[in-house]
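Enquirer: Turn this into a structure:
(one chain, ligands or ions: 1)
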Amino acid sequence: MAVREIRKLKDELLYKRSREVEIIDDKIKEISEDMIDTLYKYDGIGLAACQVGVLKRIVVYDIEYIKEGGVRTPKILINPVITKSSKQMVTTEEGCLSFPDLFGCVDRHEKITVEATNIKGNKITINAKDIESVVLQHELDHLDGKVFVDIAYDTYVGEKEDNTKDKKKNKKVKK
Ligand SMILES: [Zn+2]
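Expert: Numbers count the residues shown, from 1 in each chain. Down below sits the predicted model:
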């Protein structure tokens, strides 16, 4: 197990479509474990394989650990697909390990259903709402080479929760 380097900003792998995992072999298991190590190392909530330089449809996430007193409950999704989305939208301030210190508002579906394969090769269905739904939409976008900065608004550079920075300056940084 190892922490991997996170691809950032203009790294071309962030803008490419990731390929389906065909066989869950030792290599896929190792990548997934490394992704989990990397997720915790950098205090992330979710991470897609392309962010560590692997163009495979693998996502890891943990929405429990960031809560106060939260325990580690990492989840690994292989070849996840959104099969249902609520009409109801929710707006959340998002950030991304590939865009350090950049935050912005994104509109996402409040609830989604995701079908995926787990690391044991079993089919699983996740009915996600609120933060889990937002995280999964963010990570699944990564698998299609999409990044949140392209759909975010009111973006700013700085510490999370600190949106007092000059907006004009932030727009410049965004480009
Ligand atoms: Zn991201």
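Enquirer: Next, the residue nearest to the spatial centre of the chain: secondary structure please.
Expert: The residue lying closest to the centre of the chain (Cα atoms, centre = their mean) is residue 139, at 3.1 Å. Following DSSP: H, G, I helix; E, B strand; the rest coil, we place residue 139 in the helix state.
Enquirer: Was I right to think it contacts residue 49?
Expert: No. Residue 139 lies out of contact with residue 49 (Cβ atoms under 8 Å); the separation is 9.7 Å. Any C-beta I mention is one placed from the backbone N, CA and C, and that applies to glycine too.
Enquirer: if we can go back for a sec, so what's the residue nearest to the centre of the chain up against?
Expert: By Cβ atoms under 8 Å, 6 or more residues apart in numbering, the contact set of residue 139 is 46-48, 59, 61, 80.
Enquirer: Closest to residue 11 out of those?
Expert: residue 48 (12.7 Å; Cβ to Cβ).
Enquirer: Now for residue 54, how many residues are close by?
Expert: By the measure other Cβ atoms under 10 Å, the count of residues near residue 54 is 21.
Enquirer: I figured residue 152 hits residue 104, correct?
Expert: Yes. Using Cβ under 8 Å, residue 152 is in contact with residue 104, at 3.0 Å.
Enquirer: what's the overlap in contacts for the two?
Expert: Here residue 152 and residue 104 have residue 94 as joint contacts, going by Cβ under 8 Å, 6+ apart.
Enquirer: sorry, back to before: any idea how far the residue nearest to the centre of the chain is from residue 133?
Expert: Distance of residue 139 to residue 133, computed by Cβ to Cβ, to the nearest Å: 11 Å.
Enquirer: Residue 7 touches residue 48, doesn't it?
Expert: No. Look at residue 7 against residue 48 with Cβ under 8 Å: they stay out of range, at 10.0 Å.
Enquirer: Among the two, which residue is more densely surrounded?
Expert: Using other Cβ under 10 Å, the more surrounded residue of residue 7 and residue 48 is residue 48, with 29 against 17.
Enquirer: For the closest residue to residue 2 other than its chain neighbours, give me the pLDDT.
Expert: Closest residue in space to residue 2, ignoring its immediate chain neighbours: residue 34 at 5.2 Å, by Cβ to Cβ, 6 or more residues apart in numbering. Turning to residue 34, the model gives it a pLDDT of 98.
Enquirer: could you point out which element follows the host helix or strand of residue 34?
Expert: Using DSSP states H and E, residue 34 sits in helix 26-41. Sequence-wise, the next helix or strand downstream of helix 26-41 (DSSP H and E) is strand 46-48.
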